[in-house]
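[1] Show me the folded form of this:
(one chain, ligands or ions: 3)
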Amino acid sequence: MDMFTPGYFCDAVEKGYIRPYYQPIYRSVTGRIIGAEALARWFDADGRMISPAEFIPQLESSGLIYELDMEILRQTCAFYQELEKRGTPVHTFSVNLSRLDFKHHDIFDRVASILARYDVPHESIKLEITESLMLEDIDHFRLIFDQFHKAGFTIWIDDFGSGYSSLNVLQNYSFDLMKFDMLFLRNFTARGRKMLSSLINMAKSLGIHTLAEGVETKEQQEFLLSAGCEALQGFLFSKPLPMGEMIDLIDREGNEKPADKSYWNQIGYLNLLSPDPLEDAVQKDEDRNYEQFPGRGNAIALLECRRNRADYVYVSSSYLDRVHELGYRDIDELEEVFNNHRSDQYLMMKKLTTDAIEKGTVQTVEYINNDVYYRVFAKCLARDGEKAMLAMRLSTFESDREAKTASEMLDYGNTLFSTYKLVVTMYPESDISKRLYTSLNIPPYDHEGVTNMERLEQFCRNEVDPIDQERYLRFMNFADMAERVDADPNHYLQSLFRMRWAGEDSRWHTARITRIPSSGERIYLLTVQGIKGKWTKWLDSASPDKLE
Ligand code: C2E
Ligand code: MG
Ligand code: MG
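    Ligands and ions are numbered 1, 2, ... in the order given. Okay, the predicted model is just below:
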């Protein structure tokens, strides 16, 4: 018998044979449940479970998938309401939508009316969509997406990175969150890890939240945490659970309090690639505006580099705008300049791309061409034998305008600082600190049974120049940190230190401690950045009291 006829399907729905299982989603830094994904399960009359791999394609070909998705959404909303009533609310549920659902012109109305029926706010339901869907009829999807966005819905992109064209999807649509495909984790190789951390950083530079699914081992968990991935989901934490077991889990483990949500979301936006991520993050949450998504209009390109040649394989429209500002007709003309061994730009680009490939971190260079001042950022996304794919970013400002507003340029920050070397969250009341991110090859310093002070001293001994060690310990002193931050008019502490990162030559760095708003105990964020250029000379000649 064919199970997937409309009659059979409706019967299964009526009898309650089709139900969502819920797989919890955890905040990586806190280990708290922040939400759950609803995954469809179909039981036959004997209680045997049929897997989605089997019935989803069938329902898609018989045109019933839309009905399934709406039914899963309905049951999820009913569950949301029930949790609310019993005083254990979970404020984020994601549901999967098929690309075929978008062929139905009433999709927005149906989704909205289901939520209204159970009193579920639009922000609470995340629509998961796979990237392949969005490359088909861009204008049509954009229209529907806009409709959802304007009504306060957010959209998650599922299985991100599973297709080659993932970056095109980013350019065309705005998303709230990227879910990384398990494939990256199945091949848990150095290369897979590198790609994943590049993608996580890129998501952040676009203002998009990050989640990894299919997390199965502690090793993967630790890596994802250090790469800055905000949320985790997978068998390591829990398999998808029927409603009753999900309730038990929430009762047992508790879940994130709504008051903490915006705080952690803000940290999640921390863009490790931006010159001043803190400013970015604060700004983003304040003018969170669905019409003007911050990611839109980023000047991003993909450059494939071989030993003797560099070729653009993808260029966003605003990257192209910048190229025009530089006085080039098109991307081919610029490409030729970069490839011409006799041009001024050749050496600059060669060094930039080689450094990016060798170091794996973001490299940047500034240049003036045709009176336009510009900066190029490069980050290696992948390598394969002799070729490497780099993500490029371009920013320009006209030099004459710039000359008049030199101070503004310093504010812009780009000229002074490059990427973060180290990001740490600190909890002085509990006397702990956790490393969120580092681009350096330094040991973790967080062995069990070692006090925070001992770690700090060990870090200081190994990584800070002896001249600055004492000052660094004072700067990092938990005992009076609250007092010092409160006393500062900007509510942050900043100072300059020479660091030598596991035996390298000592270099100037700026360290900043910022207080992060939180409902509970006080939390601080430490960020450390390198300083380049003429400032280092000035610093070398500065007297120590100038640095305080
Ligand atoms: P998905 O949305 O990417 O869901 C993740 C899948 O990975 C789920 O499989 C989940 O059970 C599984 N999974 C979770 N953690 C782990 C892990 O640690 N290791 C491994 N190996 N797997 C893990 P599931 O439930 O079989 O669903 C498969 C796919 O079917 C989903 O992929 C989704 O694309 C689709 N699907 C599920 N429910 C629905 C639905 O209601 N509507 C639509 N349109 N599609 C659905
Ligand atoms: Mg999914
Ligand atoms: Mg997925």
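
[2] Need the mean per-residue confidence for the one helix or strand Phe148 maps to.
    Using DSSP states H and E, Phe148 sits in helix 138-150. Average pLDDT, helix 138-150: 86.

[3] which parts of it are buried?
    By neighbour count with 16 or more other CB atoms under 10 Å, helix 138-150 contains the buried residues 141, 144-145, 148-149. For glycine as for every other residue, the C-beta is placed from the backbone atoms N, C-alpha and C.

[4] want to throw those into CSV with distance to ligand 2?
    As requested, the buried residues of helix 138-150 are arranged in CSV below (distance: CB to the ion, whole Å):
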residue, distance to ligand 2
Phe141, 18
Ile144, 19
Phe145, 17
Phe148, 17
His149, 19
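
[5] Could you tell me how many residues sit around Tyr445?
    Residues contacting Tyr445 under the criterion other CB atoms under 10 Å number 18.

[6] from what I can see it touches Phe459, true?
    Yes: using CB atoms under 8 Å, Tyr445 is in contact with Phe459, at 5.0 Å.

[7] can you map out the helices along the stretch 251-400 of the chain?
    258-269, 277-286, 317-325, 331-339, 344-359, 399-404 (DSSP state H, counting those that start in this stretch).

[8] and the last one, what's its mean pLDDT?
    Mean pLDDT, helix 399-404: 35.

[9] and if you look at the fourth one?
    Model confidence over helix 331-339, given as mean pLDDT, is 89.

[10] how near is Ala151 to ligand 3?
    As judged by CB to the ion, to the nearest Å, Ala151 and ligand 3 stand 24 Å apart.

[11] just Ala116 next, same as before
    From Ala116 across to ligand 3, the span is 28 Å (CB to the ion).

[12] mind checking the SS state of that residue?
    helix (DSSP: H, G, I helix; E, B strand; the rest coil).

[13] partner residues bridging Cys380?
    Here Cys380 sits in beta bridges with Leu390, going by DSSP bridges.

[14] show me what contacts it?
    194, 198, 356-357, 360, 388-391 (CB atoms under 8 Å, 6 or more residues apart in numbering).

[15] how does it look with 7 Å?
    With contacts defined as CB atoms under 7 Å, 6 or more residues apart in numbering, the neighbours of Cys380 are 356-357, 360, 388, 390.

[16] For those, give me CSV that also has pLDDT.
    Converted to CSV, these look like this (pLDDT from 0 to 100):
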residue, pLDDT
Ala356, 86
Ile357, 87
Gly360, 79
Ala388, 83
Leu390, 82
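
[17] if we look at ligand 2, which of those residues are close to it?
    On the criterion CB under 5 Å from the ion, none of the entries of those sits beside ligand 2.

[18] Who wins on neighbours among these?
    Neighbour max across those (other CB under 10 Å) = Ala356, 25 neighbours.

[19] ranges for the strands of the stretch 401-548 of the chain?
    417-427, 432-438, 492-499, 507-516, 523-531 (DSSP state E, counting those that start in this stretch).

[20] ok, then the element right after the helix holding Phe148?
    strand 154-160.

[21] So for the longest helix seen in the chain, what gets flagged as buried?
    As assigned by DSSP state H, the longest helix anywhere in the chain is helix 65-85. For helix 65-85, burial by neighbour count (16+ other CB under 10 Å) applies to 65-80, 83-84.

[22] Help me see whether the helix or strand that comes right after it makes contact with ligand 1, please.
    Proceeding N to C from helix 65-85, the next assigned helix or strand is strand 93-96, under DSSP H and E. Yes: with CB under 6 Å from any ligand atom as the criterion, ligand 1 is reached by strand 93-96 at Asn96.

[23] Contacts for strand 93-96, please.
    Residues contacting strand 93-96 (CB under 7 Å, 6+ apart): 35-38, 69, 72-73, 76, 80, 124-128, 156, 158.

[24] so which two of the residues you listed are the farthest from each other?
    Tyr80 and Asp158 (20.1 Å; CB to CB).

[25] from the middle of its chain, how far away would stretch 209-221 be?
    Offset of stretch 209-221 from its chain centre (CA atoms, centre = their mean, to the nearest Å): 13 Å.

[26] Quick check: buried residues in that stretch?
    Buried, per 16+ other CB under 10 Å, within stretch 209-221: 209-215, 220-221.

[27] How about stretch 25-39?
    Neighbour-count burial for stretch 25-39 [16+ other CB under 10 Å]: 25-29, 32-39.

[28] same thing with stretch 194-207?
    Buried-residue list, stretch 194-207, by 16+ other CB under 10 Å: 194-207.

[29] Output it as PDB, restricted to C-alpha atoms.
    C-alpha atoms of stretch 194-207 as PDB (Å, rounded to 0.1, in the frame of the first residue of the first chain):
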ATOM      1  CA  LYS A 194      39.900  25.800   9.500                       C
ATOM      2  CA  MET A 195      37.000  26.200   7.100                       C
ATOM      3  CA  LEU A 196      34.500  26.100   9.900                       C
ATOM      4  CA  SER A 197      36.300  28.700  11.900                       C
ATOM      5  CA  SER A 198      36.600  30.900   8.900                       C
ATOM      6  CA  LEU A 199      32.900  30.600   8.200                       C
ATOM      7  CA  ILE A 200      32.100  31.300  11.800                       C
ATOM      8  CA  ASN A 201      34.100  34.400  11.700                       C
ATOM      9  CA  MET A 202      32.700  35.400   8.400                       C
ATOM     10  CA  ALA A 203      29.100  35.000   9.800                       C
ATOM     11  CA  LYS A 204      30.000  37.300  12.600                       C
ATOM     12  CA  SER A 205      31.500  39.900  10.400                       C
ATOM     13  CA  LEU A 206      28.100  39.800   8.600                       C
ATOM     14  CA  GLY A 207      26.100  40.000  11.900                       C
END
